[in-house]
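>>> predicted structure and sequence below. I'll ask about it afterward.
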Protein chains: 2
Amino acid sequence: MTDPGELLQQTIDRFWESVPPTWNRIRTNVRGIASERFGVTVEQFHILRHIRKGVASVSELAEAKGTSRPAISQAVDVLAGKGLVSRRQDAADRRIVRLELTEEGSGLLSAIFRENRAWMAEKLSVLTPEQMTQIIAALDALKSAFDDRSSDFSR
Amino acid sequence: MTDPGELLQQTIDRFWESVPPTWNRIRTNVRGIASERFGVTVEQFHILRHIRKGVASVSELAEAKGTSRPAISQAVDVLAGKGLVSRRQDAADRRIVRLELTEEGSGLLSAIFRENRAWMAEKLSVLTPEQMTQIIAALDALKSAFDDRSSDFSR
DNA sequence: AATTAACAGTTAAGTTACTTACGCATTCTA
DNA sequence: TAGAATGCGTAAGTAACTTAACTGTTAATT
């Protein structure tokens, strides 16, 4: 119907209209749950989340979160102090510190997610099944478009 | 095909898989442009963005950004010091400080957006027009689901 | 009309999460 | 085996936030 370039611009417009406020609300919800009920910050929550996803060394975490290694190192220090994360030297390469969630850390992360999911489910329940399947496909496409591996030939 | 509750859970899963990393990359791109080329932080960029959208008082900004009034007041102070934002007392209610972008602030915001849009356009160009229209509809639905006005009867 | 309450914004003091620069230990490489 | 590269941590400083307390302005109560 319209030319492809304009459609692209529209997509970008819609992204900037929709994603920041939506992400902001969800972040606020997580912050409330994480800090008021479990005494961790949103940033700490995100680190726990990445560790559980398998991003389990300081460098990988820094890369994934787009911050510096010292920032992660310090954050992990706090989390280790709270007993939520354990550091263990890698047997094969002793420079690497393998990060793992402790039982408590894992439980805490699950508890935060559980409460957040309940809240999100309530919000999303206004959508039709068709809208949901559309959202799933759209988010998948968006993620792949901005994925590091695509259109990066510098390695 | 599947029951509606499971579809909802899938939607939430996909949200958490896709939105944080995508938003993170875009934020990193904006940070690079804003800080290296224009000497402002991402947070300052977001405040400029909100002001241009018409969120033009300290309280409204705090509400929109989900932070405290002092945080905004301080950030605006920095932006005013850089000559990017002007404060003007509202004529009708002199408690209110009306915020406006200066010519320089407006130009800087546009310049950041221009560069970011070019980068986003390149990334999104791998998508088909069908995927783009789908993304537009999906983001719209997502935004409306998490909008403040829906399912909030406390006013 | 005077007093009180509510509101908009700022200031102050302290905290958290980040940054860069540097150092240490370990592993890879020439 | 020396030197470079890698992974992590420490140190010092900065940016952005928090809560508490304050000023000035408007609205509400009586």
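That came through fine. Predicted model only: the values in this text are computed from it and were never measured.

>>> for residue A:69, give me its contacts.
By Cβ atoms under 8 Å, 6 or more residues apart in numbering or on different chains, the residues touching residue A:69 are A:58-59, A:62. All C-beta spots, glycine's among them, are computed from the backbone N, C-alpha and C.

>>> for residue A:119, same thing?
Contacts of residue A:119 by Cβ under 8 Å, 6+ apart are residue A:29.

>>> ok, it to residue B:146 distance?
Computed with Cβ to Cβ, to the nearest Å, the distance linking residue A:119 and residue B:146 is 10 Å.

>>> what are the buried residues along the strand or helix carrying residue A:133?
Here residue A:133 sits within helix A:129-146, counting by DSSP states H and E. Buried residues in helix A:129-146, counted by 16 or more other Cβ atoms under 10 Å in any protein chain shown: A:131-136, A:138-139, A:141-146.

>>> quick check: mean pLDDT of that helix?
Helix A:129-146 comes out with an average pLDDT of 96.

>>> please apply the same query to stretch A:73-93.
pLDDT averaged over stretch A:73-93 gives 95.

>>> point me to the residue of chain A nearest chain B.
With Cβ to the nearest Cβ as the measure, residue A:138 is the residue of chain A nearest to chain B, at 3.4 Å.

>>> surely that residue touches residue B:130?
No: counting by Cβ atoms under 8 Å, residue A:138 does not reach residue B:130; the two are 10.7 Å apart.

>>> ok, residue A:74 - contacts?
Residue A:74 neighbours (Cβ under 8 Å, 6+ apart): none.

>>> could you report the separation of the residue nearest the centre of chain A from residue A:109?
Compute the mean C-alpha point of chain A, and by Cα atoms, centre = their mean the closest residue is residue A:46, 5.5 Å away. If you measure residue A:46 against residue A:109 using Cβ to Cβ, the figure is 10 Å.

>>> same check on residue A:125?
24 Å.

>>> more neighbours: the two, which one.
residue A:109 (22 against 13; other Cβ atoms under 10 Å in any protein chain shown).

>>> please name the nearest non-neighbouring residue to the more buried one.
residue A:48 (4.6 Å; Cβ to Cβ, 6 or more residues apart in numbering or on different chains).

>>> these two touch, right, residue A:68 and residue A:62?
Yes: contact criterion Cβ under 8 Å: residue A:68 and residue A:62 qualify, at 6.0 Å.

>>> of the two, which one has the most company?
Of the pair residue A:68 and residue A:62, residue A:62 is the one with more neighbours under other Cβ under 10 Å, namely 18 against 10.

>>> okay, and which of the contacts of residue A:69 map to helices?
Counting by DSSP state H, those place A:58-59, A:62 in helices.

>>> okay, residue A:103: pLDDT?
Reported pLDDT for residue A:103: 96.

>>> now residue A:111
At residue A:111, pLDDT is 95.

>>> and the helix of greatest length in chain A, what other elements does it pack with?
The longest helix of chain A (DSSP H) is helix A:4-31. Helix A:4-31 makes packing contacts with helix A:42-53, helix A:103-124, helix B:4-31, helix B:103-124, helix B:129-146 when contacts are defined by 3 or more Cβ pairs under 8 Å, 6 or more residues apart in numbering or on different chains; DSSP states H and E.

>>> rebuild those helices as a markdown table, extending it with distance to DNA strand C.
Formatted as a markdown table, the helices and strands packed on helix A:4-31 follow (distance: least, Cβ to the nearest atom of the strand, whole Å):
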| stretch | distance to DNA strand C |
| --- | --- |
| helix A:42-53 | 5 |
| helix A:103-124 | 14 |
| helix B:4-31 | 9 |
| helix B:103-124 | 16 |
| helix B:129-146 | 23 |
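
>>> now those helices in JSON lines, please, with extra columns for distance to residue B:96.
Converted to JSON lines, the helices and strands packed on helix A:4-31 look like this (distance: least, Cβ to Cβ, whole Å):
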{"stretch": "helix A:42-53", "distance to residue B:96": "31"}
{"stretch": "helix A:103-124", "distance to residue B:96": "32"}
{"stretch": "helix B:4-31", "distance to residue B:96": "29"}
{"stretch": "helix B:103-124", "distance to residue B:96": "19"}
{"stretch": "helix B:129-146", "distance to residue B:96": "28"}
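
>>> for DNA strand D, what are the nearby residues on chain A?
A:57-60, A:69-70, A:73-74, A:76-77, A:87, A:93, A:95-97 (Cβ under 7 Å from any atom of the strand).

>>> out of these, flag the one nearest to residue B:20.
When the residues of chain A next to DNA strand D are compared for distance to residue B:20 (Cβ to Cβ), residue A:60 wins out at 15.6 Å.
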